[in-house]
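**Q** Sequence first, predicted model second:
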Amino acid sequence: MFFIDFDLNFGLLILLILVVIILVNTLKILREYQRGVIFTLGRFTAVKGPGLVIVIPGLQQMVRVDLRVVTMDVPSQDVISRDNVSVSVNAVIYFRVVAPEKAIIQVERYLDATSQLAQTTLRAVLGKHDLDDMLSEREKLNHDIQAILDQQTDGWGIKVTNVEIKHIDLNESMIRAIARQAEAERERRAKVIHAEGEKQAAQALMEAAQKLAEQPSAMQLRYLQTLTQVAGDKTSTLVFPVPVDMLAGFFEKSGKGIAPIVPPSPVQPAQPEHQPDLPRRIDPVA
């Protein structure tokens, strides 16, 4: 009886172990961000999940796919710009799987495929632009790279949501050249601003002179104001300009005008009034 009971218990134990193995392989639990691609006898059947999924052992297989956004760092790439400047650029891309069956069936290891495609696209797009465009129009370059990646990965069931260029590394000589260029640009702007200020000041002085010319007494008042300003300084020398127009009024009241200065005419040589007739010269005949 002991041997019979032992064989019965051992058989039940084996059966229980088999049932547990079958249940483990049959019942699959998928999280909210996971989907299961089911293959029945090697053929695609359906996409199931999340939650409890039943897979028939021996007949069906399931491949898990993560639907969360993947952050992938693109390694540093050596790029030669359109103006023949060598730079080193790295970026980061954000993408997610939107069609799990395509990500499993259409491409092998979609993560590696997306990474390699991002590297080649980064070199191809940046190589078509100048260095100034890389530094100033980074947002536009991000959109261009994203559009190309999204178009090419659409057949893989992958949606590229964003692309960001992180660093653009330059060599020391190029950094110094850019610094000199920026310094020259600042000097040019300073000269232009100074010239514009001189132009505006000249325009303002011209308008002020026209206003003062409309009323002669305004000019005298301006002279008196200048005199007051000069007298306020601690100086023993006083210079006060007197225009000729002011003196002309005093000469007119006194009946004396200012005679114009006429330059003397050049002295002409004296001509004789009458020249006596001289006998005509007769040349001797040879």
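**A** Nice, thanks for sending it over.

**Q** domains of this structure?
**A** According to automatic domain parsing, the chain comprises the domains 21-66, 70-170, 175-212.

**Q** got those as TSV, with mean neighbour count columns?
**A** No exception for glycine: its C-beta is placed from N, CA and C like everyone else's. As requested, these are exported to TSV (neighbours: other CB atoms under 10 Å):
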stretch	mean neighbour count
domain 21-66	14
domain 70-170	16
domain 175-212	10
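
**Q** Can you lay out those domains as TSV showing distance to T228?
**A** Listed next are the domains of the chain as TSV, based on distance: least, CB to CB, whole Å:
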stretch	distance to T228
domain 21-66	85
domain 70-170	55
domain 175-212	17
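
**Q** Secondary structure element holding Q200?
**A** Applying DSSP states H and E as the criterion places Q200 in helix 172-214.

**Q** In TSV: the domains of the chain, plus distance to L13 and mean pLDDT.
**A** As requested, the domains of the chain are exported to TSV (distance: least, CB to CB, whole Å; pLDDT from 0 to 100):
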stretch	distance to L13	mean pLDDT
domain 21-66	13	90
domain 70-170	38	92
domain 175-212	75	86
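
**Q** CA-only coordinates of whichever helix or strand comes after the helix holding Q200 in PDB, if you can.
**A** Following helix 172-214 in sequence order, the next helix or strand is helix 216-232 (DSSP H and E). Extracted in PDB, the C-alpha atoms of helix 216-232 (Å, rounded to 0.1, in the frame of the first residue of the first chain):
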ATOM      1  CA  PRO A 216      16.000 137.800 -36.200                       C
ATOM      2  CA  SER A 217      15.500 138.600 -32.500                       C
ATOM      3  CA  ALA A 218      15.500 134.900 -31.700                       C
ATOM      4  CA  MET A 219      19.100 134.700 -32.800                       C
ATOM      5  CA  GLN A 220      20.000 137.600 -30.400                       C
ATOM      6  CA  LEU A 221      18.200 135.800 -27.600                       C
ATOM      7  CA  ARG A 222      20.100 132.700 -28.400                       C
ATOM      8  CA  TYR A 223      23.400 134.600 -28.200                       C
ATOM      9  CA  LEU A 224      22.400 136.000 -24.800                       C
ATOM     10  CA  GLN A 225      21.600 132.500 -23.500                       C
ATOM     11  CA  THR A 226      25.000 131.300 -24.700                       C
ATOM     12  CA  LEU A 227      26.600 134.200 -22.900                       C
ATOM     13  CA  THR A 228      24.800 133.300 -19.700                       C
ATOM     14  CA  GLN A 229      26.000 129.700 -20.000                       C
ATOM     15  CA  VAL A 230      29.600 130.700 -20.600                       C
ATOM     16  CA  ALA A 231      29.600 133.300 -17.800                       C
ATOM     17  CA  GLY A 232      28.500 130.600 -15.300                       C
END
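
**Q** and helix 216-232, what other elements does it pack with?
**A** On a contact count with 3 or more CB pairs under 8 Å, 6 or more residues apart in numbering; DSSP states H and E, helix 216-232 meets helix 172-214.

**Q** Which strands or helices does the helix it packs on pack on?
**A** Helix 172-214 packs on helix 216-232, going by 3+ CB pairs under 8 Å, 6+ apart.

**Q** buried stuff in the helix it packs on?
**A** By 16 or more other CB atoms under 10 Å, helix 216-232 has no buried positions at all.

**Q** how far is that helix from where the chain is centred?
**A** 54 Å (CA atoms, centre = their mean, to the nearest Å).

**Q** Return the angle between stretch directions for it and helix 172-214.
**A** Computed by axes from the mean of the first three to the mean of the last three CA atoms, to 10 degrees, the angle separating helix 216-232 from helix 172-214 equals 120 degrees.

**Q** What are the contacting residues of stretch 10-27?
**A** Outside stretch 10-27, the residues that touch it by CB atoms under 8 Å, 6 or more residues apart in numbering are L52, V53, I54, V55, I56, P57.
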